[in-house]
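Structure of the sequence below:
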Amino acid sequence: MVEGDGYAGSAAAQRTARALDTLERHLMYTARPRASGELPTASVNPMDEKLAERRRLIAHTVMVLSGKGGVGKSTVAANLAVALAGAGKQTGLLPLSIAQLLPGADGAVVVTTPQDVAVADVRRCIQFCRRVELPVLGVIENMSGLLCPTCGTEIPLFKQGGGASLAREMGVPFLGRIPIDPAVVEACDAGKPVAGPGAEGPAARAFRRVVEGILQRDAAQPAGSGVASEEGGDS
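Prediction:
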């Protein structure tokens, strides 16, 4: 899985892509002495061969995007990866700057919070994905309601339903809601995922439901498509 921001208007994302492209072209050539007039030739680096061999083991690459900061995208990406691992998938998590060196992704999971200002930015992210022909696998509504620890009443701190409405509007799957859960804060401070083995809080259960939905959609897709790895592969 790959976590990162960016849509068409993101200057930072465009600068990163240009820098990586320049670096990739520069590393194609070796620094060996050349005869006068000899053109530089591409050389196969043993480390490149090892990387290419390892990349062939990756069954699926999934981007986790939002188009804006502050929606909890990094936390969502990390816990989705852990929940996928808990479902028996070999899963890794890469930052966008590294993942841009990899082949094309299978699709993007887009994260929003319920309020209108977040939904407006994430709508542009989905539009950008379509312009670059990156399939949108679905929308996750993060920070969606807080369960009162005393009475269990759900409090819509940032409203509710914005992610589901956006998914309907854009014609993409709605993958589910992740509630505000104090356990997320405690887990992050401890450097641990909230969706780890044995976790039973509201957020942990929500992440598992999201992953179950993703895997069900993947199982329904033709071979070679989808989002989750086959057994023994990496996602």
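
ok, residue 180 to residue 217 distance?
Relative to residue 217, residue 180 is positioned 26 Å away (Cβ to Cβ, to the nearest Å). Any C-beta I mention is one placed from the backbone N, CA and C, and that applies to glycine too.

Between the two, which has more neighbouring residues?
residue 180 (21 against 17; other Cβ atoms under 10 Å).

Where does the residue nearest to that one when sequence neighbours are not counted fall, secondary structure wise?
Closest residue to residue 180 apart from its sequence neighbours, by Cβ to Cβ, 6 or more residues apart in numbering: residue 146 at 4.2 Å. Per DSSP states H and E, residue 146 falls inside strand 136-147.

State the mean pLDDT of that strand.
Averaged over strand 136-147, pLDDT sits at 90.

In its sheet, which strands sit next to the next helix or strand after it, and in what direction?
With elements assigned by DSSP H and E, the helix or strand that comes after strand 136-147 is strand 154-155. Strand 154-155 pairs in its sheet with strand 136-147 (antiparallel), by DSSP bridges.

List the buried residues of the strand it pairs with.
136, 137, 138, 139, 140, 141, 142, 143, 144, 145, 146, 147 (16 or more other Cβ atoms under 10 Å).

ok, residue 155 to residue 83 distance?
Counting by Cβ to Cβ, the gap from residue 155 to residue 83 is 25 Å.

the more surrounded of these two?
residue 83 (26 against 11).

Is residue 200 in a helix, a strand, or coil?
Classification of residue 200 using DSSP: H, G, I helix; E, B strand; the rest coil returns coil.

now residue 175
Classification of residue 175 using three-state DSSP returns strand.

now residue 88
Judged by three-state DSSP, the three-state class of residue 88 is coil.

And for residue 82?
Here residue 82 is helix, with the state taken from three-state DSSP.
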